[in-house]
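Novice: using only what follows, build the 3D model:
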Amino acid sequence: MIISKLQEHSREYPIPSGGYAYGTAGFRYPADRLAPAVFRTGLVAASRSIHLKSAYVGVMLTASHNPARDNGVKVVEPMGEMLVAEWEPYATKIGNAPDPLEVMNTLNLPMDGIARVVIARDTRPSGEELTKALRKGLECFEDVEILDFGEATTPQLHYYVRTRNDPAYGKPDHDGYFIKMGAAFNELMGNHGSARKITVDCANGIGCVALETLKKFVDSKLIDIAVVNDNIRDPQVLNLNVGADYVKTKVVAPAGLDKAGVEYASLDGDADRVVLYYTDSNGTFHLLDGDKIATLVTGYLQELVQQLGPIAIPGTKKILGMIQTAYANGASTNYATHQLKVPVSCTKTGVKNLHSEAEHSYYMGVYFEPNGHGTVLFNPGLVNYLKEQSNPAAKKLLNLSNLINQTVGDAISDLLLVLAVLSDGSYTSFAEWDHAYHDLPSLYRVVRVRDRSSFKTTDVDRKLAEPPGLQPEIDRLVAKYQSGRSFVRPSGTEDVVRIYAEASTREQVEALSLSVAQLVFDKGDGTGERPT
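Specialist: Purely as a prediction, here's the structure:
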């Protein structure tokens, strides 16, 4: 550690009032107050690399679907996962430390040794200056290797980190990401007639650059990608009324993307989530979100497993399963359980929880959040087994394992996955896929309370353990409505609780949502105006 540099730069980047908190998205704040946290994240990343015997770790600068005025920074583990939970409090403590050296010494974090860090950023105008702050943090270490990939999607950065540590996963450079994905897609599509057309809204973010590059690696006879909303040099339009988050939350198409008979997809600003949609001949908009993607992919994998026949792999894991959170639409859970007849696990909210369950409980674990962020994990033991098989289904499964970015949700990889499944599976069009099941109407509400810490959850966030007696009253309200379901969970950052409700009709879900919100307000020490 070069202590003089650390002290100099710590003074250069003083902690602003309010401080920072490192969460699932890392540090994410308005860009004009983020540099001190970014500088200190460089210290965390380098120390983490040294702790892991000089493995490559990653740092990504992005605020995903947020507007361009925001930015964020997060650390990526050697195999492409998010920073382990044990180190999140370290990141918060160092991120708020006027004297980071003192905190690092107190935490007994390593500072001497070789650090290897892979960095990238999205297209936000603040990215270049924040990269300078990040490098200053990294360069406080005497022996540090920095690999800077410049502008990239978040999934690309995860891929670069993984392949630096695990060369068998793919070629560890810019082209390697596209080569692996493109070759697998071309193999899967085979001879399925004319090129499938898809119009992709890139949210005026970095995804448009990646998609244009992808075109060089996929067979144009198999896919025809029209890239729209690709203005990456006007910072005011990033994620503005476009992109996956806009489409999912507003349940509308971006302007001009509602022509009947056309299949559309929207990425978010850093291309780690995707939703698909179409407008029917009656002018009705249809959204195909993460739940729909999960059931489509799980159904296709189930078909291939059945074609493969008995799988002889030692161990207690189930061959195939789908992993959701409480926010998944109940209709998707019912469809997977009763129609597809595959096991469905529910975890606490957060990609880390979904990823862990997929990795540890299944040989093939499918997880997608409703917002379109997700992936499929293939157990290495299963992959080795498939390599020994001559069955065509085994070859398809191997190609799927190469097409899918297993390190993190990847909008481009997941888009190609959906198109490959539709070209070979039970459903051929967006409309056929959409009609497999119909989502239950759902609503989200927020109720402001005096003290969010008085709300404690259990049963992976689906039930309230505290305040005492509140959950039975919620259950009585839910029982009044057909296909009713509702749960309450506290915010992690402000004194509000979030309420999710679903029921068989729009009228019923509105009534259920309001009644639960009023109950929480009355019995949970609500503040402000009572919900009406």
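Novice: mind checking the SS state of Val218?
Specialist: coil (DSSP: H, G, I helix; E, B strand; the rest coil).
Novice: so it makes contact with Phe185?
Specialist: Yes. Between Val218 and Phe185 there is a contact under CB atoms under 8 Å: 5.6 Å. For every residue, glycine as well, the C-beta is placed using N, CA and C.
Novice: give me the common contacts of those two.
Specialist: Counting by CB atoms under 8 Å, 6 or more residues apart in numbering, the shared contacts of Val218 and Phe185 are Leu416.
Novice: the more surrounded of the two?
Specialist: Set Val218 next to Phe185 and count neighbours by other CB atoms under 10 Å: Phe185 wins out with 24 against 20.
Novice: and Gly283, which helix or strand is it part of?
Specialist: Using DSSP states H and E, Gly283 sits within no helix or strand.
Novice: wait, what's in contact with Lys463?
Specialist: Counting by CB under 8 Å, 6+ apart, Lys463 touches 457, 471, 487.
Novice: the closest residue to the first one other than its chain neighbours in helix, strand or coil?
Specialist: Here the nearest residue to Thr457 in space, its sequence neighbours aside, is Arg489; by CB to CB, 6 or more residues apart in numbering that works out to 5.3 Å. Under the three-state scheme (three-state DSSP), the conformation of Arg489 reads as strand.
Novice: assess the claim that Arg489 and Arg498 are in contact.
Specialist: Yes. Under the criterion of CB under 8 Å, Arg489 makes contact with Arg498 at 5.7 Å.
Novice: distance from the helix or strand hosting Thr375 to the middle of the chain?
Specialist: Under the criterion of DSSP H and E, Thr375 resides in strand 374-378. Here the centre of strand 374-378 is set off from its chain's centre by 11 Å, with CA atoms, centre = their mean, to the nearest Å.
Novice: correct me if wrong, but Ile323 is in a helix.
Specialist: No. Using three-state DSSP, the assignment for Ile323 is strand, not a helix.
Novice: wait, what's in contact with it?
Specialist: 344-347, 354, 357-358, 361-362, 365-367.
Novice: and for Gln339?
Specialist: By CB under 8 Å, 6+ apart, the neighbours of Gln339 are 436-437.
Novice: and stretch 41-53, what's its mean pLDDT?
Specialist: Mean pLDDT, taken over the full extent of stretch 41-53, equals 98.
Novice: which residues touch that stretch?
Specialist: In contact with stretch 41-53 (CB under 8 Å, 6+ apart) are residues 6, 26-27, 55-59, 73-75, 78, 83, 87, 90-91, 94-95, 100, 104, 109-117, 133-141, 144.
Novice: buried subset of the residues you listed?
Specialist: Neighbour-count burial (16 or more other CB atoms under 10 Å) applied to the contacts of stretch 41-53 gives 6, 26-27, 55-59, 73-75, 78, 83, 87, 90-91, 94-95, 100, 104, 109-111, 113, 115-117, 133-141, 144.
Novice: for stretch 422-431, measure first residue to last.
Specialist: One end of stretch 422-431 sits 11 Å from the other (CA to CA, to the nearest Å).
Novice: same check on stretch 312-331?
Specialist: For stretch 312-331, the end-to-end distance is 33 Å (CA to CA).
Novice: and it, how far out from the chain middle?
Specialist: On CA atoms, centre = their mean, the centre of stretch 312-331 falls 18 Å from the chain's centre.
Novice: got the residue ranges for the helices in the stretch 301-450 of the chain?
Specialist: Secondary structure of the stretch 301-450 of the chain (DSSP state H, counting those that start in this stretch): helices at 330-334, 351-361, 380-387, 392-403, 411-424, 430-434.
Novice: out of those helices, deepest packed?
Specialist: helix 411-424 (a mean of 24; mean count of other CB atoms under 10 Å).
Novice: what residue is smack in the middle of the protein?
Specialist: Centroid-nearest residue in the chain: His373, 3.6 Å away (criterion: CA atoms, centre = their mean).
Novice: how about the contacts made by it?
Specialist: 272-273, 290, 351, 409.
Novice: show me which of those are buried.
Specialist: Buried among the contacts of His373 by 16+ other CB under 10 Å: 272-273, 290, 351, 409.
Novice: out of these, show me where the pLDDT dips lowest.
Specialist: Val351 (90).
Novice: these two touch, right, it and Met82?
Specialist: Yes. Counting by CB under 8 Å, Val351 touches Met82, with 6.6 Å between them.
Novice: which neighbours do those two share?
Specialist: 24, 408.
Novice: which stretches in the stretch 151-300 of the chain count as helices?
Specialist: Going by DSSP H, counting those that start in this stretch, the stretch 151-300 of the chain shows helices at 154-165, 174-189, 207-214, 243-250, 290-308.
Novice: mind putting those into a markdown table with distance to Pro392?
Specialist: Formatted as a markdown table, those follow (distance: least, CB to CB, whole Å):
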| stretch | distance to Pro392 |
| --- | --- |
| helix 154-165 | 28 |
| helix 174-189 | 11 |
| helix 207-214 | 26 |
| helix 243-250 | 34 |
| helix 290-308 | 7 |
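Novice: who wins for proximity to Asn402 among those helices?
Specialist: Closest approach to Asn402 among those (CB to CB): helix 174-189, 3.9 Å.
Novice: where are the low-confidence patches of the stretch 101-250 of the chain?
Specialist: Low-confidence segments of the stretch 101-250 of the chain (pLDDT under 70): 191-193.
Novice: CA atoms only: put the strand holding Thr375 into CSV for me.
Specialist: Output of strand 374-378 as CSV, limited to C-alpha atoms (Å, rounded to 0.1, in the frame of the first residue of the first chain):
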residue,chain,number,x,y,z
GLY,A,374,-32.2,-13.7,-15.0
THR,A,375,-30.2,-16.6,-16.4
VAL,A,376,-29.9,-20.4,-16.3
LEU,A,377,-27.1,-22.2,-14.4
PHE,A,378,-25.8,-25.5,-15.7
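Novice: partner strands of that strand, with direction?
Specialist: strand 362-368 (antiparallel) (DSSP bridges).
Novice: how about residues contacting the partner strand?
Specialist: Residues from elsewhere that reach strand 362-368, judged by CB under 8 Å, 6+ apart: 290-291, 293-294, 297-298, 301, 305, 311, 313, 315, 317-324, 343, 354-355, 357-359, 374-379, 381-382, 409, 414.
Novice: stretch 237-254: how far from the chain's middle?
Specialist: 16 Å.
Novice: follow-up on the earlier one: just the buried ones among the contacts of stretch 41-53: which are in helices?
Specialist: Of the positions in the buried ones among the contacts of stretch 41-53, 6, 90-91, 94-95, 100, 104, 133-138 sit in helices, assigned by DSSP state H.
Novice: is it true that Leu267 touches Lys248?
Specialist: No. Between Leu267 and Lys248 there is no contact under CB under 8 Å: 11.8 Å.
Novice: okay, the two: which has more neighbours?
Specialist: More neighbours surround Leu267 than the other of Leu267 and Lys248, with 34 against 21 (other CB under 10 Å).
Novice: give me the beta-bridge partners of the more buried one?
Specialist: Note on Leu267: beta-bridge partners Val274, judged by DSSP bridges.
Novice: OK, contacts around it?
Specialist: Neighbour list for Leu267: 200-203, 205, 207, 243-244, 273-274, 411-412, 415 [criterion: CB under 8 Å, 6+ apart].
Novice: ok so, going back, just the pLDDT for the residue nearest to the centre of the chain.
Specialist: On pLDDT, His373 comes in at 96.
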